[in-house]
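> Compute the structure for the input listed below.
(one chain, ligands or ions: 1)
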Amino acid sequence: MPFDPDRPAPPDGMKHRTERGYIIAGPDDRGCCVIHEMWVDPDHRGGGEGRALVDHVRAWARERGLSPLVVQCSPRNEGGRAFYEALGMRAVATVYQDDLNRRAQPQPLPSAVARTGVAAAV
Ligand SMILES: CC(C)(COP(=O)(O)OP(=O)(O)OC[C@H]1O[C@@H](n2cnc3c(N)ncnc32)[C@H](O)[C@@H]1OP(=O)(O)O)[C@@H](O)C(=O)NCCC(=O)NCCS
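Modelled structure (predicted):
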């Protein structure tokens, strides 16, 4: 899914957009706060914008009693994983995938066993 700063927030969720990036999050049916998408303009990465966006969602989740804060991150996204770990989040989930012989799968995960989950208490 390409990043799209114009994507709206989910009906029960939130979106925070700045001049440098955006984050979209919302609750799930277990009371977690899920980060659906976040992105920082490449010209402004490494300056703390991503951390500020996540902190904004952390405050939003705490106000609503949502916990933990969770986000899925592809094992191929090394920068994203390093980012979440720098924020004190920890990988907690393993996702197993069966491609069901679909040729339309554009980018199958590199292994049948892929480590993708990252979560942290808010
Ligand atoms: C991941 C992303 C949001 C980080 O935004 P950012 O503004 O550069 O992050 P920050 O400057 O706030 O960095 C916060 C911490 O993460 C670390 N970090 C950020 N990107 C990193 C990278 N690529 N490699 C290693 N560490 C990284 C920083 O060093 C910093 O650590 P520190 O506070 O200990 O110094 C941004 O690179 C991005 O938009 N990437 C493309 C979209 C994406 O991957 N979204 C997440 C998908 S799940």
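> okay, now the nearest residue to residue 60 once chain neighbours are set aside: neighbour count?
Nearest in space to residue 60, with sequence neighbours left out and distances taken as C-beta to C-beta, 6 or more residues apart in numbering, is residue 14 at 5.4 Å. No exception for glycine: its C-beta is placed from N, CA and C like everyone else's. By other C-beta atoms under 10 Å, the residues close to residue 14 number 17.
> Need the phi and psi values for residue 14.
With angles defined as degrees, to the nearest 10, residue 14 sits at phi -140, psi 160.
> what sits against it?
24-26, 57, 60 (C-beta atoms under 8 Å, 6 or more residues apart in numbering).
> Using TSV, lay out those together with pLDDT.
Formatted as TSV, the contacts of residue 14 follow (pLDDT from 0 to 100):
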residue	pLDDT
24	98
25	98
26	98
57	98
60	98
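> Strands - which of those residues land there?
Residues of the contacts of residue 14 located in strands (DSSP state E): 24-26.
> Name the member of those residues with the most neighbours.
The most neighbours of any of the ones in strands among the contacts of residue 14, using other C-beta under 10 Å, belong to residue 25, which has 27 neighbours.
> Enumerate every residue touching that residue.
Per C-beta under 8 Å, 6+ apart, neighbours of residue 25: 13-14, 33-36, 57, 60-61.
> Looking at the residues you listed, spot the one nearest residue 20.
residue 57 (15.6 Å; C-beta to C-beta).
> which residues does the residue lying closest to that closest one once chain neighbours are set aside bridge with?
The shortest distance from residue 57 to any non-neighbouring residue, by C-beta to C-beta, 6+ apart, is to residue 25 (4.7 Å). When bridges are called by DSSP bridges, residue 25 pairs up with residue 14, residue 35.
> burial count for residue 28?
Neighbours around residue 28, by other C-beta under 10 Å: 12.
> Just name the shakiest helix or strand of the protein by mean pLDDT.
Least confident element among the helices and strands of the chain, by mean pLDDT, DSSP states H and E: strand 113-115 (a mean of 39).
> Contact residues of the chain facing the ligand?
With C-beta under 6 Å from any ligand atom as the criterion, the chain meets the ligand at residues 38-40, 45-51, 71, 73, 77, 79-80, 82-83, 86.
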